[in-house]
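Student: model this:
(one chain, ligands or ions: 1)
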Amino acid sequence: MGKNKKKEQFTSVGFIMAAIGSAVGLGNMWKFPYITGIYGGAAFFILFLFCLLLVGLPILLAEMSVGRAGRGNPVASMMKLGGKKWGALGFLSVAGSFLIMSFYGVVAGWTLHYALLSFTGDLFSTNDFSGLYKDFIGGWMPIGWQFIVMLITAYVLIKGVSSGIERFNKILIPGLVILLVLLAIQALSLPGAGQGVSFFLKPDFSKLTAESALVALGQAFFSMSLGMGTMITYGAYVQKSQSLGGATVAVGLGNVLYALLAGLIIFPTIFVYGIEPSEGPGLVFIALPAAFSAMPLGAIFGGLFFVLLAFAAITSAISVLEVSVAFAMDYFGWKRPMAVIIVASLCFLAGVPAALSLGGQLDWLVFGGKPLFDWMDFLGTNILLPLNGLILTIFVGFVWKGAAEESGLTSMWFRIWLFMLRFVAPILVLLVLLYSTGIIKL
Ligand code: PHE
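Tutor: Model (predicted):
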């Protein structure tokens, strides 16, 4: 292990951009709107902010600190700081990131397809958006798009940390803000947009349930890219002089800002066109095309929206795949290009059955009442993410003694952070884990 003697590094702005790029993805623009729609609108959003503050930010800082101190992939870093057993636990993050990437690439591919359909106008040649979505995800075409996503991701990763990851994110992240702001202005200027805005921003706490709280916490995890070793892996490329506390706040705020803008695009749009916010996972792929089709210049706005979604997904995919790439480089001593090609190919192959499982024509890919795709999502998002988060809070809260120094926090902030890591975050994360495994019911 540790055969790559000289580690590449991010600049400080580059790191913030890359970390925001990792955080902002399908989670913000596809998952966040539909779960906000189902679990209580504005009140749910406020809950999500609390979860970010109490659990998301402390764990984010923990991951970055472990990565920078350990200077390696999650296995190498945790082994260096805590010994072999913790290194073995770090492997759960690598496995989880590989799993997440294999199905995440599939959905990222869908968005590219939708962008193309929208620009060519083909998206609007039908009124049956639900049928269009189901036919598409159930066919063979998603595999081609998934391959393209993997190709772009691999291309950026082969170029390395500074000329690949950093450069790509530095262009895309500001580009995304501009596109989002434009689309938000457009959505807010639709006649009748106010109803959507108040659904999203005027809290009605009576709509909240205990389940809302657990979903909000799960979302804080997913959307901050926690529990998959991504922030440990990126942390390994951070300069010693960078303030990790500052980076944590910047990434947290950046992530919230993107979620806010995404909500300001989606809710006004669907309310204006009479679509239910509680539509579920198809919200972005079914309801939005319906809305765009009824809108002047809808092909352009729709196309832009889906391009935006695809790029946000690819900057996240880059960070998820880098975990396995860094692991393969350290563990097998492979050079970066070889590690990327092998890992990306394996991940692509692992995603193929996930992509094909949604059509229902291959029976063996559907079991226990759910397609393989849903099982992979469930195992990755609902089990491994919180489990790894829990392992990390215990590791940094109780085992590793270097956290105070590495984090660079003042003693007051350090004490608050440690309290969160020791007592608040593990309990809340454990609740999510017990809930998502069905051990406790609400
Ligand atoms: N944070 C990303 C999103 O919101 C997804 C992701 C999850 C990335 C886990 C890395 C690890 O879409």
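
Student: What segments of the stretch 201-350 of the chain are helices?
Tutor: With DSSP state H, counting those that start in this stretch as the criterion, the stretch 201-350 of the chain has helices at 210-223, 230-235, 244-272, 288-293, 298-332, 336-356.

Student: The very next helix or strand once past the last one pairs with which strands, parallel or anti?
Tutor: Heading C-terminal from helix 336-356, the first helix or strand you meet, by DSSP states H and E, is strand 366-367. For strand 366-367, sheet partners with direction are given as strand 370-371 (antiparallel), following DSSP bridges.

Student: who's in contact with the strand it pairs with?
Tutor: Contact with strand 370-371 is made by 357-358, 360, 365, 378, as judged by CB atoms under 8 Å, 6 or more residues apart in numbering. The C-beta positions use only the backbone N, C-alpha and C, and glycine is treated the same way.

Student: what's the spacing between that strand and its chain's center?
Tutor: Relative to the chain's own centre, strand 370-371 is displaced by 22 Å; criterion: CA atoms, centre = their mean, to the nearest Å.

Student: try stretch 431-442
Tutor: The answer for stretch 431-442 is 22 Å, by CA atoms, centre = their mean.

Student: and what of stretch 76-93?
Tutor: Offset of stretch 76-93 from its chain centre (CA atoms, centre = their mean): 23 Å.

Student: In that stretch, which residues are buried?
Tutor: Neighbour counts over stretch 76-93 (16 or more other CB atoms under 10 Å) mark 76-82, 86-87, 89-93 as buried.

Student: Next, format those residues as CSV and append pLDDT, distance to the ligand and secondary structure.
Tutor: Conversion of the buried residues of stretch 76-93 to CSV gives the following (pLDDT from 0 to 100; distance: CB to the nearest ligand atom, whole Å; DSSP: H, G, I helix; E, B strand; the rest coil):
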residue, pLDDT, distance to the ligand, secondary structure
Ala76, 97, 19, helix
Ser77, 97, 17, helix
Met78, 97, 17, helix
Met79, 97, 21, helix
Lys80, 97, 22, helix
Leu81, 97, 21, helix
Gly82, 96, 22, helix
Trp86, 97, 20, helix
Gly87, 96, 20, helix
Leu89, 96, 17, helix
Gly90, 96, 15, helix
Phe91, 96, 16, helix
Leu92, 96, 13, helix
Ser93, 95, 10, helix
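
Student: Taking those together, which two end up most distant?
Tutor: Spanning the widest gap among the buried residues of stretch 76-93 are Lys80 and Leu92, at 16.9 Å by CB to CB.

Student: Show the contacting residues for Leu183.
Tutor: 265, 301, 304-305, 308 are the contacts of Leu183 under CB under 8 Å, 6+ apart.

Student: Mind giving me the ChimeraX select for the residues you listed, buried ones only?
Tutor: Selection of buried members from these for ChimeraX, criterion 16+ other CB under 10 Å:
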select :265,301,304,305,308
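
Student: Thought Ile173 was touching Val13, still the case?
Tutor: No: using CB atoms under 8 Å as the test, Val13 is too far from Ile173 to be in contact (10.1 Å).

Student: the more surrounded of the two?
Tutor: Neighbour tally, Val13 and Ile173, criterion other CB atoms under 10 Å: the higher count belongs to Ile173, 21 against 13.

Student: Show me what from the stretch 151-300 of the chain comes close to the ligand.
Tutor: For the stretch 151-300 of the chain, the residues in contact with the ligand (CB under 6 Å from any ligand atom) are 222-223, 225, 228, 230.

Student: how about these in JSON lines, adding neighbour count?
Tutor: Compiled in JSON lines, these are given as follows (neighbours: other CB atoms under 10 Å):
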{"residue": "Phe222", "neighbour count": "24"}
{"residue": "Ser223", "neighbour count": "26"}
{"residue": "Ser225", "neighbour count": "31"}
{"residue": "Met228", "neighbour count": "32"}
{"residue": "Thr230", "neighbour count": "29"}
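
Student: how about JSON lines for the contacts of Leu183, with pLDDT added?
Tutor: Output for the contacts of Leu183, formatted as JSON lines (pLDDT from 0 to 100):
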{"residue": "Ile265", "pLDDT": "91"}
{"residue": "Phe301", "pLDDT": "86"}
{"residue": "Leu304", "pLDDT": "89"}
{"residue": "Phe305", "pLDDT": "88"}
{"residue": "Leu308", "pLDDT": "87"}
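
Student: between the contacts of Leu183, which is nearest the ligand?
Tutor: Taking CB to the nearest ligand atom as the measure, the ligand lies nearest Leu308 of those, at 12.8 Å.

Student: So that closest one is in contact with Leu180, correct?
Tutor: Yes: the pair Leu308 and Leu180 qualifies as a contact (CB under 8 Å) at a distance of 6.6 Å.

Student: For stretch 45-52, list the C-alpha coordinates in PDB.
Tutor: Backbone C-alpha positions of stretch 45-52 (Å, rounded to 0.1, in the frame of the first residue of the first chain) are rendered in PDB as follows:
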ATOM      1  CA  PHE A  45     -37.000  21.800   4.200                       C
ATOM      2  CA  ILE A  46     -36.500  23.300   7.600                       C
ATOM      3  CA  LEU A  47     -36.100  19.800   9.100                       C
ATOM      4  CA  PHE A  48     -33.500  19.000   6.400                       C
ATOM      5  CA  LEU A  49     -31.600  22.200   7.400                       C
ATOM      6  CA  PHE A  50     -31.500  21.000  11.100                       C
ATOM      7  CA  CYS A  51     -30.200  17.600  10.000                       C
ATOM      8  CA  LEU A  52     -27.500  19.200   8.000                       C
END
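
Student: re earlier: which among the contacts of Leu183 gets closest to His113?
Tutor: Checking the contacts of Leu183 against His113 with CB to CB, the nearest one is Phe305 at 13.4 Å.

Student: element containing the closest residue in space to that closest one that isn't next to it in sequence?
Tutor: Nearest residue to Phe305 in three dimensions, chain neighbours excluded: Leu183, at 6.0 Å (CB to CB, 6 or more residues apart in numbering). Using DSSP H and E, Leu183 maps to helix 167-188.

Student: Nice, that's everything, thank you.
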